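Visitor: how would this look folded up:
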Amino acid sequence: MPQEIRVLKCFSCNKFQSDIVKKSKKWNCKVCGELQSVQKVYFIGTGPDCRVETQRLNMLESEETLDKNKSFPGTAQSEILKSHQGTNIRNLVLPRNQSGANGKKSEYFTENCVKFP
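Guide: Predicted structure coming up:
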């Protein structure tokens, strides 16, 4: 008999996740580590079914937040994009080292690169 898996949403990071159905009403978020109680179950099924549903729900959620960010022009992301609007990508990234790959980031980026936290 396959295990029952459920899809839950974290209140802290707003990510949908799959979790094994247990007797306990508590669960830990795998992304942010918050211990929380089950408020709403979005889907119940087998592992592969829940994985697909979790991916679909997270994609819908990210598309909604992306649409909200596009509608507000004062967001930080749009300000960064405006500041680099006329910049050519070749000015931001150096070509790979021809002698071999060291894996050092400093070889690939210039001083003009945007650093995100």
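Visitor: Would you list the phi and psi of Leu8?
Guide: Backbone torsions of Leu8, given as degrees, to the nearest 10, read phi -120, psi 160.
Visitor: Can you tell me who it pairs with across the strands?
Guide: When assigned by DSSP bridges, Leu8 has beta-bridge partners Gln17.
Visitor: Which secondary structure element is home to Thr54?
Guide: Here Thr54 is covered by helix 47-71, with elements defined by DSSP states H and E.
Visitor: what packs against that helix?
Guide: Counting contacts by 3 or more CB pairs under 8 Å, 6 or more residues apart in numbering; DSSP states H and E, helix 47-71 packs against strand 5-9, strand 16-20, strand 43-45, helix 76-83. C-beta coordinates here come from the backbone N, C-alpha and C atoms, glycine included.
Visitor: and if we set it to 7 Å?
Guide: Counting contacts by 3 or more CB pairs under 7 Å, 6 or more residues apart in numbering; DSSP states H and E, helix 47-71 packs against strand 5-9, strand 16-20.
Visitor: Give the buried residues for that helix.
Guide: Neighbour counts over helix 47-71 (16 or more other CB atoms under 10 Å) mark Cys50, Glu53, Thr54, Leu57, Asn58 as buried.
Visitor: didn't the last one look like it was pressed against Lys15?
Guide: Yes: with contact taken as CB atoms under 7 Å, Asn58 and Lys15 are classed as touching, separated by 6.3 Å.
Visitor: No further queries at this time; thank you.
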